[in-house]
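Participant: prediction below, plus the sequence it came from.
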Amino acid sequence: MRPDLPPVPLELIDPSWLPTLQPHRQTLERIWHALESERAEGHEVLPAPENILRAFTQPFDAVRVLIVGQDPYPTPGHAMGLAFAAAPHITPMPASLRNIAKELAADTGSILQNGDLTHWEAQGVLLLNRSLTVRAGAAGSHERLGWQEITAAAITDLGRRPSPLVSILWGRQAQQLRDLVGEHPVLEAPHPSPLSAHRGFFGSRPFSQTNQFLRDLGAEPIDW
């Protein structure tokens, strides 16, 4: 590591991800340097530093379902390091998450009590954004920092595993990754954002379909 670059806190992630992330260490160091520069200029970077790599605290081999998002919520206090999830005290839930909750209820009858999706994560659902940070108030502001290299590497390695994996790709950015997941089952639909949810997200039944794929693969379904 160059002495002028800040250390990347890889000790915060599950060690099973190190073979995936270590080859991209220089990119991670450049991203961390860019984030420190933004903070020095007075910008707020979301989520909190300890949650930036939050998705990778889930063991690599535990992942059974991949849900890909774009970038963290740009509203301070909302992002918690997991795609689409929001801190449990946030009311109302962010708009995309409200639409996910509506489709979940229509599809399975399950009701989200709040935006905290860690009960999904605990069952092997990886909630991974394409970009893991964002500048407060500026959606998409960190798309060019290098995160796409990191998250593409993670998805590629998951796609190479022989163990069961179902990928849920909502929206154009996520669907660009379809080839990375190999021969594993993929569910695609428009993004749950209010701008696109009525174009086919509602009624797509991703949760029940995912569980059917998992059963067909001999894996336990998710208790959504």
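Facilitator: Thanks, I have it. Numbering: from 1, shown residues only.

Participant: CA atoms for contacts and neighbours, from now on please.
Facilitator: Fine.

Participant: can you pull the pLDDT of the closest residue to Trp147 other than its chain neighbours?
Facilitator: Computed as CA to CA, 6 or more residues apart in numbering, the closest residue to Trp147 that is not its neighbour in sequence is Ser131, at 5.0 Å. Note for Ser131: predicted pLDDT of 96.

Participant: and the helices in this structure?
Facilitator: 18-21, 25-40, 95-108, 118-121, 147-160, 172-175, 206-216 (DSSP state H).

Participant: which helices and strands does the longest one pack with?
Facilitator: Think helix 25-40. On a contact count with 3 or more CA pairs under 8 Å, 6 or more residues apart in numbering; DSSP states H and E, helix 25-40 meets strand 45-46, helix 147-160.

Participant: buried stuff in the worst-scoring helix or strand of the chain on mean pLDDT?
Facilitator: Least confident helix or strand of the chain, by mean pLDDT, DSSP states H and E, is helix 172-175 with a mean of 92. Buried residues in helix 172-175, counted by 16 or more other CA atoms under 10 Å: Ala174, Gln175.

Participant: go ahead and confirm the residue nearest to Trp147 touches Pro74.
Facilitator: No: using CA atoms under 8 Å, Ser131 makes no contact with Pro74, being 11.9 Å away.

Participant: higher neighbour count, the two?
Facilitator: Ser131 (24 against 21; other CA atoms under 10 Å).

Participant: what separation is there between Pro194 and Ala95?
Facilitator: 7 Å (CA to CA, to the nearest Å).

Participant: again with Ala106
Facilitator: 17 Å.

Participant: who's in contact with stretch 67-84?
Facilitator: The contact list for stretch 67-84, computed with CA atoms under 8 Å, 6 or more residues apart in numbering, reads 46-48, 51-55, 85-87, 90, 94, 96-97, 117, 125-140, 167-170, 173-174.
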